[in-house]
Each structure stands twice: as structure tokens, then as C-alpha cells.
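Participant: what's the 3D shape of this:
(2 chains)
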Amino acid sequence: MSFQSRLTCLAGCLAGSLALIAGAAFAADSDTAKLTKDPKNWAMQAGNLNNHRYSELKQITSKNAKNLTVAWTFSTGVLRGHEGGPLVIGDTMYLHSPFPNKVFAIALEDQSIRWKYEPKQDPTVIPVMCCDTVNRGLAYANGKIFLQQADTTLVALDAKTGNELWKVKVGDPKLGETTTNTPHVFKDKILTGISGGEFGVRGRITAHDINTGKVLWKAYSTGPDNELIVDPNKTMTWTDGKMAPIGANSSLKTWQGDQWKLGGGTTWGWYSYDPDLNTVYYGTGNPSTWNPRQRPGDNKWSMTIFARDLDTGMAKWVYQMTPHDEWDYDGVNEMILADIKVKGKPRKALVHFDRNGFAYTMDRVSGELLVAEKYDPVVNWATHIDMKSGRPQVVAKYSTDKNGPDVNTKGVCPSALGTKDQQPASYSPRTGLFYVPTNHVCMDYEPFQIEYTAGQPYVGSTLSMYAAPNSHGGMGNFIAWDAGTGKMVWSKPERFSVWSGALSTAGDVVFYGTLEGYLKAVDLNGKELWKFKTPSGIIGNVTTWEYKGKQYVGVLSGIGGWAGIGLAAGLTKGNEGLGAVGGYKDLAKYTELGGVLTVFALPDR
Amino acid sequence: MSTCMKATLSVAMAAAFLVVSSFAPALAQAADAAPYQVSGGNKVDAHTLSGWRTWRALACERCHGAAQEGMVGPSLVNSLKVLSKDQFKDTVLKGRIDKGMPNFDGSKMVVDNIDNLYAYLKGRSDGAIQPGRLQEMDK
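Facilitator: Numbering: from 1, shown residues only, chains lettered A, B, ... in the order given. Predicted coordinates:
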């Protein structure tokens, strides 16, 4: 927040002693939001607080992108899946790797390594992360680098030296709890989540003091009201076409017995923050076991968008996208905050491309449901979202609960990978459109009875996944979406799932990576302008920055993640025997493991 | 996991190994006979069926692939051609932590079904059992 707007806010919205309190709060603010306002930096994983993944830089344009060349490369020395991307602040880049979660501070001047940090972690976390040891990147605030290690340790490092400043553990890997998310710095706090939805963990989000790591609040996704941090009379949700209070025991009464204790609702996605509303937004994951018969009820508040007050954690509103999940449609995907016209009316909107194949446009102030439309026409598990109840209208033959355990429900679209997984979309304020990396994959899903053992997988379903039938044959699309109308603007087919986070820029270029390993630049109509084959498949997110007057674009390659793994599950369709050419075998024709950052720029003239 | 539980588990594990070692000669003799019965590639005896159910419940395909041909973890179709039954049990129960293979001695289902799991995977490795869903053969 600039000094100017701080004054305006103090004068305009506050008075007397309130202003003093607010002033104190502002004084403790981190510099992160301010750093993101300078497009030379890339100071948060998403580029800004709103999850836009958009840059004002415009040296690289749709006219000259075809001339992009490699400026430099950097190997992380780690195999397996490389998600997330680098941060750039001033003359330094901060780069992470998957497990063992190395951190490098790289001088942009000569690409020398200023310092390197490698935590000592118990290797028993590797199998609990099975099957990939991804990490979605670092956070920065006030001269500190924050790393959320695989073993659930959140650590603050001195950005100048790499020395440890503080550490705090937010989970227990022996219970199947691990962490893969980036930590998020909002105002004076750092927020982090938990992974382990396939191990019967109980999801929550914690807010920490950036200076000490002290837990300031902790809000669960399932359980009693006080642990959810909700007010039964004031926390609102979309009910019968309007907002209404959630009432008492909103979570407990949607679970059988104490199943909420193994209730999932993990929080490994990309959070966002609106400073004017002082509200943080994030989504929760699947309700643990994938056998829906074992957990009757709506399983609240799994699969839910949460809007919480940053200072207290109090939930302002919630919206559950997939009540009683039957397909593993986690709700963790990024919440993009955009001020757009929705059905002709200006709105402070929240836009969310859910795993379940519907793109939701909500009023982020009130929590009202405004638009919910399929962003891949093959989505078939529900006909539509009933706009009055806010609930999906499930098609009976695709209901794995109705069909029951030990019955193979075939041809469900999307697959458990979702029409989009964590790979984040980009929003361009210039066009008002969203550029979305998507999966075009369907599945057969056979649930079965499963027992819970602490620290052991708690899945209970056999899946096979394959490219959407009767379509273009590929397993992905890169699309442009109008969230104000809920309509697709264009769709560019891809051979594989697009598992790389997109970037749009003021140069009217949109970038994304592919699983074969291409970094691609397209124009605002989706026309391919340029591509380059990086050393491995790309599941990292594209970022851009400026150093000494030059714009750079960088991306991590390093195949893995659920894309690599998930496609592998499509290798054979068990019941039909071997011989089908599956997605993964095909992918092996294009790429191998290996983590490398590749940095591009226009050639010197 | 509490220390108490750990102690209980290690006792259980020791017991499991005692059973294994005391019956080792008998197992060695029986090694020539296939540890599974199968007809038509997908109908198996009750023990082997329990082995497949154990494979499925512990989500082994997440690393070893739906057809046991390997992904992040190695191909078990190959491994079961090389590993002895004792080596197999040791690997599954104690894990190969540094390589990412968890120890499954904490799972009652695995401990109870380790022989059945071996039978199933041996059948897969021999090419006698098809990948995917199985059913019990007619008695």
C-alpha cells in the first residue's frame, strides 16, 4: 500500500482511536505487496496478492516474441517434479527445488550462487508424499525468504545470507501430513496449509507472525465451530438463492460420527488476499477416502471456498462446490481476485476454475454465486450447477456413490485430475480474460472399502484415466475464459495436460509450458508465436522480471507431479488388458526427468 | 504415532519374522510350486485375491503403476523375478526408506496378507495373472 493510499484510507475510513490501531497494524506490514507493484520484481509466486500472474512488462510483445532466445540456464541438481517458479527481488533470484527442498540465491548479474540452503529432512516423508515430492516455491518479506519444507517445517531464512532465522513445524509426517504449497505473505502474516488428503489428515490453514513464526490462528476445514473459526450467525453461505448464516455445527452434522477427524479438506493451493477487505481466500481439498459410501453426508467444509478475515481467521463466507465428493474433485485451485463486469454489472469478483470442471464467479465481498459454467464441454458428471441451491446436479450414471463400491463407473469427465489441477491460470486486466491451462482427461472410477491406519494411504478407489473420448485425442487444452459471462473465448488443443502455470503480460503475450517440455508463447487469440523445447517436461509456472533494462521470462522444467504420475495411471486400462497406448508411454517419447530453470530474453541488438 | 504403538508394532513385526524364519525350510521346499492358482488370467484362489485386495487398499499403484510395470517406484514384474520371498517380505515390511519405499509393518492388512501379496505379485511377474480387477475362482 502506498503512503498516499494509506493516508486516504486513514482519513476516509477510520477515525479517532481506531485510526491509531490501524496505523499500528500498517506499521507492521511486510514490504511484499509494495515489491509486487514494481513489475521488475516477481516477489510472490503469483506475482501479486490477487493471483493474477500478470506482468506490466512489455519489452517482449506479440510482435517480437518469435525472437526469444535462451539467456541462461540453471540446474537444480534434483530429479522429480518441479512445480512453482523463481522469485526475483532486485538483483537476486531465489529458487527452490522439490525434496530435499534446496534453496538457491542467485545473483542476476553473473548467475553465481550467493548462498545455498538445504534442510535436513527425514527421508520417510518421501513415501508419504507418494508419488511426487513437489514444492510450489518460496515466499519473501522484509529481507526473509520463507520455505515450506516437505516435512511440514516452515522456515524463515535471512535473504542476504541464507541463515536460518526461525522454524516451526505445522504437521506430523507420521500421520501422513506433508506440505507442498508455497507459503503466502499477506500484510504482517505468513499463511500456510497442509497436504495429505489421501492419508486421512484433517486439513487446516495456519497464520504465523513473519518475525517469529508464532502461530496467530489456526482454522480447520472440518469439525466443531470453534476449530473451524466460524460464527454460526455471521459466517454466510449461498442458500436458496441468497446469502444466509451457516448455523451451528455446520460441519459436524454433515459427517457420520467422528469421521470429520479424518475429514481431509487439505489446503495446498494458491491463496489470495484483498487488502481493502482484509480478506484471505483459499480452497479446501477432498474429504479423505475416495470411496464415498464410507462417508455419508455433504462432508463440510471439504471442497469449499473460504473467505476469512486475515487478522482473526474468522470465516466471512464459505461455498462448497462439490458436496459429498465422489470423484476426488479437490477444491484447492487458486482463487483469482478480479474487478470485472459480471453479466454487465461491475463486481469485485473471485474467479475459481475448479477441479470439478466448473468455473465459478463469486462476489468476493458477499460470497454470492454469480456464474458457474463448464470450462470444458466434455464435463459430464453434472448437468449444471443449480443457481438457486448452488449445488451440482449430478448425473446418476456417473455417481460413484450411487453405483457403489466394487462397481466400475466408466467414462466420467473430468478425471480425478480435474479439468484443471493446481496449475494456476493467469488474469490479464488488459483484456479482462483468464488464460487457463487445462486437462482434457476422463476416467473410470471403482471405489472399494478401506480401513484407516495412521500414516498409511486412505484412498479406496482404483482409477484409470485417458484422453477425453470423441474429442481431438489430446489430453489438454489451453483456453481463454470470460468469467463475466461464463463463456469460453478460445481453446487451443494440446497433446498432454497443460500442467504449467500461465503468465500474461502487457506485451499481449501469454506463456505456458507443456508436458513434452515446450515453453510456448501465444497471442491474445491463442495463436502460437514461438516455442522452445526445454530439457524436461514443464509443470512449473512461467514468471517474468526485468534486470538492467531487459525483460526476462523464466520457467522450471522437470517432469513429475501428478501429471507425470497421473498420466501413468492411464498406462493400461486394467480390465481391458495391456496393449493400449497410454498417455504416459507416449510422454516417455518426449521427455525424461531433470530440474532446470531456463531463462529467455530478446537478443541484444 | 506414540512410542507405545511403536513398541507394539515392533513386537508384532518380530513375531511375524519368527513365524517366517521357523517355517523357512518348508517355504523353500514349496518354492517350486506357484504360490497362486489362476484360471483365465483373472480368476484366482482366495489367498491371491486377498493379495490383490491388499495391493489395491495400500495404493501400491501410486508408485509401482496400475500394471506393476513401474513409475516412480520400480517395476515389480521385474523385481519379483529377482527377489526371494524373504527379500520381498523384508522390503515391504521394513521399506527402503532412502529410495522412497515406505515400511508397511504398520499396516495390519499388509502384515496379515504378506504371503498373499507375494502370491499375487508373483503371479503378475510370471505373466499368469492379468493386471487389473480379479475375481475368485469357482470352488
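Participant: so what are the sheet partners of the helix or strand hosting residue A:411 and their directions?
Facilitator: Element membership for residue A:411, per DSSP states H and E: strand A:409-412. Here strand A:409-412 has these sheet partners by DSSP bridges: strand A:441-447 (antiparallel).
Participant: beyond the strand holding residue A:411, next helix or strand please.
Facilitator: Next along the chain after strand A:409-412, taking DSSP H and E as the criterion, comes strand A:426-428.
Participant: who's in contact with that next one?
Facilitator: With contact meaning Cβ atoms under 8 Å, 6 or more residues apart in numbering or on different chains, strand A:426-428 is reached by A:50-54, A:336, A:338, A:351, A:433-435, A:501-504, A:510. (Glycine included, C-beta is placed from N, CA and C.)
Participant: partners of it in the sheet?
Facilitator: Paired neighbours of strand A:426-428 in the sheet (DSSP bridges): strand A:433-439 (antiparallel).
Participant: now the partner strand: how far from the chain's centre is it?
Facilitator: 13 Å (Cα atoms, centre = their mean, to the nearest Å).
Participant: please work out which residue of the stretch 351-500 of chain A is closest to chain B.
Facilitator: For the stretch 351-500 of chain A, the residue closest to chain B is residue A:457, as judged by Cβ to the nearest Cβ, at 3.9 Å.
Participant: now the strand holding residue A:411 - C-alpha only, CSV.
Facilitator: Output of strand A:409-412 as CSV, limited to C-alpha atoms (Å, rounded to 0.1, in the frame of the first residue of the first chain):
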residue,chain,number,x,y,z
THR,A,409,-18.2,-46.2,-13.0
LYS,A,410,-17.0,-45.6,-16.5
GLY,A,411,-16.5,-42.5,-18.7
VAL,A,412,-16.6,-39.8,-16.0
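Participant: so how far is chain B from the closest residue to residue A:602 other than its chain neighbours?
Facilitator: Spatially, and ignoring its direct neighbours in sequence, residue A:602 is nearest to residue A:67 (5.5 Å; Cβ to Cβ, 6 or more residues apart in numbering or on different chains). When distance is defined by Cβ to the nearest Cβ, to the nearest Å, residue A:67 is 38 Å away from chain B.
Participant: now do the same for residue 18: its pLDDT.
Facilitator: All of this refers to chain A. Each residue has a pLDDT score; the one for residue A:18 is 43.
Participant: hmm, no, I was thinking of chain B.
Facilitator: In this model, residue B:18 is scored at 38, pLDDT.
Participant: same question, residue B:61
Facilitator: Reported pLDDT for residue B:61: 87.
Participant: for it, grab the count of nearby residues.
Facilitator: 23 (other Cβ atoms under 10 Å in any protein chain shown).
Participant: check residue A:405 too.
Facilitator: With neighbours defined by other Cβ under 10 Å, the count for residue A:405 comes to 17.
Participant: helix, strand or coil for it?
Facilitator: coil (DSSP: H, G, I helix; E, B strand; the rest coil).
Participant: what bridges to residue A:463?
Facilitator: Residue A:463 has these beta-bridge partners by DSSP bridges: residue A:445.
Participant: so how far is residue A:155 from residue A:201?
Facilitator: Separation of residue A:201 from residue A:155 (Cβ to Cβ, to the nearest Å): 21 Å.
Participant: can you give me the strands in chain B?
Facilitator: All strands of chain B, identified by DSSP state E, fall at B:38-39, B:43-44, B:135-136.
Participant: quick check: which of those is nearest to chain A?
Facilitator: Minimum separation from chain A across the strands of chain B (Cβ to the nearest Cβ) falls at strand B:135-136, 10.2 Å.
Participant: for chain B, what spans make up the helices?
Facilitator: In chain B, the helices defined using DSSP state H lie at B:3-22, B:24-30, B:46-57, B:61-64, B:76-82, B:85-94, B:108-125.
Participant: comparing these, which yields the minimum mean pLDDT?
Facilitator: Per-stretch mean pLDDT for the helices of chain B is lowest at helix B:3-22 (a mean of 37).
Participant: what parts of chain B come near chain A?
Facilitator: Proximity of chain B to chain A, by Cβ under 8 Å from any Cβ of the partner chain, involves residues B:1, B:53, B:56-59, B:61-63, B:65-67, B:69, B:71-73, B:95, B:97-98, B:100-102, B:104, B:106-109, B:130-133.
Participant: restricted to buried residues, select these in ChimeraX.
Facilitator: ChimeraX command restricting the residues of chain B next to chain A to the buried ones, with burial defined by 16 or more other Cβ atoms under 10 Å in any protein chain shown:
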select /B:53,56,57,58,59,61,62,63,65,66,67,69,71,72,73,95,100,101,102,104,106,107,109,130,131,132
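Participant: returning to that earlier point: now the closest residue to the residue of the stretch 351-500 of chain A closest to chain B other than its chain neighbours: how far from residue A:265?
Facilitator: Nearest in space to residue A:457, with sequence neighbours left out and distances taken as Cβ to Cβ, 6+ apart, is residue B:59 at 3.9 Å. Noted for residue B:59: a distance of 20 Å to residue A:265, by Cβ to Cβ.
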